[in-house]
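Novice: Sequence and predicted model, in that order:
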Amino acid sequence: MSQAKQASKKLSKRNLLIICIVVVLVAAAVIFAVVRNSNDENTLDKIKSKGKIVVAMEGTWMPWTYHDASGALTGFDVEVANALAAKLGVEVEFQECPWDSIFAGVDSGRYDLAINGVDWTQERADSLTLSDPYVYNYPVLIVKEGNEEIKTFADLNGKKTANTVSSTYAALAESYGATNQGVDDLIATFELVMQERVDATINSADTFASYKAENPDAPIVIVAQADTANSVVIVMKSGDESATLLAEINKAIAELKADGTLSQLSIKYFGTDMTALPSTENK
C-alpha cells in the first residue's frame, strides 16, 4: 500500500474517531441539560407537569382519614386534599402508609404532601416545610372507665401510655413522665387502654368523639383536656424547591377558609368548626 493511501486511511480513522467523540460529548451535554433542568424544576412545576399531586395519609385515623363501610378511603383530610388539588388544577393520588414513615416519605420526594391531622411542632418546622394551620384541635387525656389514679396530665408520671412513636401525643405523655408504648393505629391505641395493658392515651378531642360515636359502649372516658390547642398543618419537603408549592397551598387554605369550605367539612366530620383558633390563644 502506498504511503498516500496509508496516510488517507489513518486520516479517515482519526476523523471517524473525532466524530464519535463529538457525538458522545453532544449526547452527554444533552443528557446533562435534561437532568439539570429536571432537578432545577420546583415541586409545584413537577406536580403541574404530572397533572397530579401525591398525598400521604394513614387511612386508619377516624375521622381524619379512614375507610367507610364500603372500603373507600374517606375522612376530613381526604376531602381537604381533594379541595386543595382542585385549587391547584390537578388530580389527587392517595398513598396510605404507617404514621412513622410519612415524614421520611415526604422528605425523600416519594409523596408531595402529607395531610393527616399533623400537629405543628418546632422539630417538624426545622426539618420539613409546613403550611399555615387549617384547623386546630385540643389534646385530651383518655383512660378506661373506673380509673381513679389518673385525673390530670400530671398523674401520668410513672404510668404507661400508648401512641404512635413519633406523634406529638407520645411526646406530650413522655413530658409528664409516662412511658409510651408504640402502636400502629388508633384502634390499637384504644384497645390497649380498654384491656388495661396501658394506663392511658392522649389523642385529639375530635378523634375521641368520633370513636365514641361509632363505639358508644367503649369503656373509655376523657379525664382532662390540654389548655392549648394544637395547630394542624400540611407537610411538604424541606428546601427552596417547596417554596412555590407552599405559597399555593397557603393561598388555597386561605380561600377554603374564606368561602366556608373548611368550616363545612369540619362540622361534617367533627361536629364543630375547628378552623378558628380559640380567641384566648395566639397562633
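Specialist: All right, it came through fine. Numbering: from 1, shown residues only.

Novice: Just give me the neighbour total for the closest residue to A154 other than its chain neighbours.
Specialist: Take A154 and drop its neighbours on the chain: the residue closest to it by C-beta to C-beta, 6 or more residues apart in numbering is Y176, 6.2 Å away. From N, CA and C alone the C-beta is placed, and that goes for glycine too. By other C-beta atoms under 10 Å, the residues close to Y176 number 17.

Novice: Make sure Y176 is actually in contact with L156.
Specialist: Yes - when contacts are counted by C-beta atoms under 8 Å, Y176 is listed as touching L156 (4.1 Å).

Novice: Distance check, the residue nearest to A154 against A226.
Specialist: 11 Å (C-beta to C-beta, to the nearest Å).

Novice: What of D259?
Specialist: Distance from D259 to A226, by C-beta to C-beta: 30 Å.

Novice: More neighbours: the two, which one.
Specialist: Set D259 next to A226 and count neighbours by other C-beta under 10 Å: A226 wins out with 16 against 11.

Novice: Find residues that contact each of Y176 and A226.
Specialist: F153 (C-beta atoms under 8 Å, 6 or more residues apart in numbering).

Novice: can you tell me which residues contact the closest residue to D206 other than its chain neighbours?
Specialist: Spatial nearest neighbour of D206, excluding adjacent residues (C-beta to C-beta, 6+ apart): F270 at 4.2 Å. Residues near F270 by C-beta under 8 Å, 6+ apart: P63, F76, D206, A209, S210.

Novice: Does the third one lie in a helix or a strand, and which?
Specialist: It refers to D206. helix 205-214 (DSSP states H and E).

Novice: Show me what counts as buried in that helix.
Specialist: Neighbour counts over helix 205-214 (16 or more other C-beta atoms under 10 Å) mark A205, D206, T207, F208, A209, S210, Y211 as buried.

Novice: And the pLDDT at the residue nearest to D206?
Specialist: Looking at F270, its pLDDT is 90.

Novice: so Y169 touches A205, yeah?
Specialist: No - Y169 is beyond contact range of A205, at 11.8 Å (criterion: C-beta under 8 Å).

Novice: Need the overlap of contacts for those two.
Specialist: Taking C-beta under 8 Å, 6+ apart as the contact rule, Y169 and A205 both touch P139.

Novice: circling back to that earlier point, so which elements touch the helix holding D206?
Specialist: Judged by 3 or more C-beta pairs under 8 Å, 6 or more residues apart in numbering; DSSP states H and E, helix 205-214 is in contact with strand 139-144, helix 186-194, strand 220-225, helix 261-270.

Novice: Just the buried residues of the longest one, please?
Specialist: The neighbour-count check on helix 261-270 (16+ other C-beta under 10 Å) flags T261, L262, S263, L265, S266, Y269, F270 as buried.

Novice: which stretch of helix or strand covers the closest residue to the fourth one other than its chain neighbours?
Specialist: Okay, so that is L265. For L265, the nearest residue in space outside its immediate sequence neighbours is E79; the separation is 5.2 Å by C-beta to C-beta, 6+ apart. According to DSSP H and E, E79 maps onto helix 76-88.

Novice: Please report phi then psi for the nearest residue to Q181 once chain neighbours are set aside.
Specialist: Once flanking residues are discounted, Q181 sits nearest to A162: 4.7 Å by C-beta to C-beta, 6+ apart. Taking degrees, to the nearest 10, you get phi -130, psi 130 for the backbone angles of A162.

Novice: What distance do you get for A162 to T189?
Specialist: Look at A162 and T189: by C-beta to C-beta, they are 5 Å apart.

Novice: ok, I47 touching L245?
Specialist: Yes - using C-beta under 8 Å, I47 is in contact with L245, at 7.0 Å.
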